[in-house]
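In: quick one: sequence plus predicted model below, questions after.
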Amino acid sequence: MTSPTVPALPAGHYRFRNVAAMEWRKLRSRRSTRWTLLATVLGSIGLGVAVLGSYSPGHFTRMTAEQRAAFDPTNMGFSGTAIAMLALPILGVLAMTGEYSSGMIRATLAAVPDRRLVLAAKAAVFGAAGLAVGELVVFANFLAGEAVLTDAAPHASLSQPAVLRAVLLTGGYLGVLGLLGLGFGAIIRHTAGAITAVVGGLFVLPMIILIAGGASTLDSVGKYAPMFINENSVGAVKPVAHALSAWAGIGMICLYAAVACGLGGWLLHRRDA
Amino acid sequence: MIEARGLTKRYGPVLAVDRLSFEVHPGAVTGFLGANGSGKSTTMRMALDLDRPDAGQVRIGGRRYRDLRWPLREVGALLEAKAFHPGRSGRAHLAALAASNGIGRRRVAEVLDLVGLAGAAGRRAGGYSLGMAQRLGIAAALLGDPGVLLLDEPVNGLDPEGIRWIRTLLKSLAAQGRVVFVSSHLISEMALMADRLVVIGGGRLIAQASVADLSARSASLEEAFLELTSTGRTS
């Protein structure tokens, strides 16, 4: 520091864009992430195509007018997104817990001591990537599903505002699930525990409530559960009785993710690394 | 300069670091000597704001670590071998860290060359030997060409050639006027590498002196260390 051989420090200080650049490089350079995302996209499309392609023309010609009106090809076509619904929160968990299991967290926090900035940059980068993957999965699913659905069935088109909304919001919902996973990862820090908590909270807990409380709980408590928000609010073209509206549904999911990431950021700031 | 004042850290019932105060000055290699479990790593982690002290503080160049403007350009740290994700290549690991402090890609290639990892830089770091992992950690510490270096047990896992390499490297970095603080439990290595020593035992400061002064107290530095740690605090 006293000798001229030690280089002078540049002006300014590290900023959000520097930290986001680090997080982007981290995300991009993990091979397992790339393969998981590719498998998620292909698997989702495959499953969606299999579900919609399995309807025979006779299934629809035998339908009553009422049944035809109730058939929602958009929502049915989202069956394939179940894979992304599982993969994105798990990838979100791993984006955080992977740093703890490897010891990378110490290198990260030594490079950027402002821990809340680290989590904010992670959330921005992973959120953007998750959103892109979510939209890709849903759009591809929709288009492929419509293509294989028998001509005898009612079809949906992106030119219908409610359909476009359902497709866009379902993609967004998947991206937000990734952030929910990230928040759980920051809170729990251990991979197995955080995956159990996020998958349990998303898929198992609502089923337990439904079984224990009966079908009526779906109208009272169940409509706030992420999996029913996806099914009945965000991804529904035709309004479902007692369910949240599409926008209230996506708002609810964003709130869950914000609470998880906020709590995770607070704990990250307070705890020893 | 690194300055620790009244540093204290308790983990449940265990008092890991106990009112520890010391100073590390530029222009010399300062060894941080103590038995396993004596509180060296805990002290290093508190210096980097990774662990929060229960009392006291560490200042680097007069500031707390969290207030550094470009941490990697000011302080280079090696805390543990394998502080990287095993699925990432050595080069990608360094490039990510470099990006966080606005350090260019050219510097990544430079430090990879410097530590002798250029040939393995594209491979998964998870497949590195302990010695290679240690070299990657040293590359990360040197990434920002910092004026202060904090290295926790840097010779672990290195072969004799690697140990000589790091010794020469650290001496030359100190000669350039940098602060070099190196922990070890290996007295013989400290005798060869360090100019000054901070000796701790049971989380407390036992001695802070030059290697020459400490060695002159007994038949050897090892004798001096063993006498100090059995009798407790002096200096």
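Out: Received, thanks.
In: the host helix or strand of residue A:206 - contacts with which helices or strands?
Out: Applying DSSP states H and E as the criterion places residue A:206 in helix A:205-213. The contact analysis (3 or more C-beta pairs under 8 Å, 6 or more residues apart in numbering or on different chains; DSSP states H and E) places helix A:205-213 against helix A:217-220, helix A:226-228. C-betas here are computed from N, CA, C, even on glycine.
In: pick out the shakiest of these, pLDDT-wise.
Out: Looking over those, mean pLDDT reaches its minimum on helix A:217-220, with a mean of 81.
In: list the buried residues of that helix.
Out: A:217, A:218 (16 or more other C-beta atoms under 10 Å in any protein chain shown).
In: just checking, what packs against it?
Out: With contacts defined as 3+ C-beta pairs under 8 Å, 6+ apart, helix A:217-220 has these neighbours: helix A:205-213.
In: any residue of the longest helix seen in chain A up close to chain B?
Out: The longest helix of chain A (DSSP state H) is helix A:115-148. No: applying C-beta under 8 Å from any C-beta of the partner chain, one finds helix A:115-148 out of contact with chain B, separated by at least 8.8 Å.
In: in that helix, what's buried?
Out: Within helix A:115-148, the residues scored as buried using 16+ other C-beta under 10 Å are A:115, A:117-127, A:129-131, A:133-138, A:140-142, A:144-146.
In: now do stretch A:31-40
Out: Going by neighbour count (16+ other C-beta under 10 Å), the buried part of stretch A:31-40 is A:33, A:36, A:37, A:40.
In: pull that stretch out as PDB, backbone CA atoms only.
Out: The C-alpha trace of stretch A:31-40 is given here as PDB (Å, rounded to 0.1, in the frame of the first residue of the first chain):
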ATOM      1  CA  ARG A  31     -23.300 -27.500 -16.600                       C
ATOM      2  CA  SER A  32     -25.900 -29.200 -14.500                       C
ATOM      3  CA  THR A  33     -28.100 -26.100 -14.700                       C
ATOM      4  CA  ARG A  34     -27.900 -26.100 -18.400                       C
ATOM      5  CA  TRP A  35     -28.800 -29.700 -18.700                       C
ATOM      6  CA  THR A  36     -31.600 -29.500 -16.200                       C
ATOM      7  CA  LEU A  37     -33.200 -26.500 -18.100                       C
ATOM      8  CA  LEU A  38     -32.900 -28.300 -21.400                       C
ATOM      9  CA  ALA A  39     -34.500 -31.400 -20.000                       C
ATOM     10  CA  THR A  40     -37.200 -29.300 -18.400                       C
END
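In: looking at the helices and strands packed on helix A:205-213, which is nearest to residue B:131?
Out: Nearest to residue B:131, of all those, is helix A:226-228, at 47.3 Å by C-beta to C-beta.
In: show me what that closest one is packed up against.
Out: When contacts are defined as 3+ C-beta pairs under 8 Å, 6+ apart, helix A:226-228 sits against helix A:205-213.
In: average pLDDT across the helix it packs on?
Out: Mean per-residue pLDDT for helix A:205-213: 87.
In: who's in contact with the residue lying closest to residue A:76 once chain neighbours are set aside?
Out: Once flanking residues are discounted, residue A:76 sits nearest to residue A:52: 6.2 Å by C-beta to C-beta, 6 or more residues apart in numbering or on different chains. Contact analysis of residue A:52 by C-beta atoms under 8 Å, 6 or more residues apart in numbering or on different chains lists A:73, A:76, A:77, A:79, A:145, A:146, A:148, A:149.
In: tell me the first helix or strand C-terminal of the helix or strand where residue A:52 lies.
Out: Using DSSP H and E, the element containing residue A:52 is helix A:31-53. Of the helices and strands lying after helix A:31-53 in sequence (DSSP H and E), the nearest is helix A:57-61.
In: quick check on the residue of chain B found nearest chain A: phi, psi?
Out: Nearest to chain A, among the residues of chain B, is residue B:177, at 2.7 Å (C-beta to the nearest C-beta). Here is the backbone geometry of residue B:177 (degrees, to the nearest 10): phi 100, psi 20.
In: if we can go back for a sec, just the buried residues of stretch A:31-40 now: which is nearest chain B?
Out: Each of the buried residues of stretch A:31-40 was scored against chain B by C-beta to the nearest C-beta, and residue A:33 proved nearest at 8.3 Å.
In: might one say that the closest one is in contact with residue A:92?
Out: No: taking contacts as C-beta atoms under 8 Å, residue A:33 lies outside contact range of residue A:92: 10.9 Å.
In: is it true that residue B:200 lies in a strand?
Out: Yes: using DSSP: H, G, I helix; E, B strand; the rest coil, the assignment for residue B:200 is a strand.
In: could you count how many residues lie near it?
Out: Neighbours of residue B:200 under the rule other C-beta atoms under 10 Å in any protein chain shown: 26.
In: now do the contacts for it.
Out: By C-beta under 8 Å, 6+ apart, the contact set of residue B:200 is B:20, B:32, B:33, B:34, B:38, B:39, B:40, B:43, B:206.
In: can you tell me the SS state at the most centrally placed residue in chain B?
Out: Computing the C-alpha centroid of chain B and ranking residues by C-alpha atoms, centre = their mean puts residue B:151 first, at 1.6 Å. Under three-state DSSP, the three-state class of residue B:151 is strand.
In: bridged to it, which residues?
Out: Beta-bridge pairing for residue B:151 (DSSP bridges): residue B:78, residue B:182.
In: and it, how far from residue A:54?
Out: Using C-beta to C-beta, to the nearest Å, one gets 62 Å for the distance from residue B:151 to residue A:54.
In: go on, residue A:255?
Out: Per C-beta to C-beta, residue A:255 is found 36 Å from residue A:54.
In: pLDDT score for residue B:156?
Out: 87.
In: that one contacts residue B:130, correct?
Out: Yes: Residue B:156 lies in contact with residue B:130 (C-beta under 8 Å); the separation is 7.3 Å.
In: what is in contact with the two at once?
Out: Counting by C-beta under 8 Å, 6+ apart, the residues touching both residue B:156 and residue B:130 are residue B:81.
In: residues contacting the closest residue to residue A:53 other than its chain neighbours?
Out: Among residues not flanking residue A:53 along the chain, residue A:148 sits closest, at 4.0 Å (C-beta to C-beta, 6+ apart). Residue A:148 is in contact with A:49, A:52, A:53, counting by C-beta under 8 Å, 6+ apart.
In: and residue A:227, by the same measure?
Out: Contacts for residue A:227 (C-beta under 8 Å, 6+ apart) come out as A:85, A:202, A:203, A:206.
In: how close does it get to chain B?
Out: Distance, residue A:227 to chain B, by C-beta to the nearest C-beta, to the nearest Å: 30 Å.
In: any idea how far apart the tips of stretch B:151-167 sit?
Out: Terminal residues of stretch B:151-167 are spaced 12 Å apart (C-alpha to C-alpha, to the nearest Å).
In: okay, now residue B:73: neighbour count?
Out: By other C-beta under 10 Å, 21 other residues sit near residue B:73.
In: got the residues of the stretch 1-150 of chain A near chain B?
Out: So the stretch 1-150 of chain A meets chain B at A:1-3, A:5-7, A:9-10, A:12-14, A:18-19, A:21-26, A:29-32, A:98-99, A:102-104, A:106-114 (C-beta under 8 Å from any C-beta).
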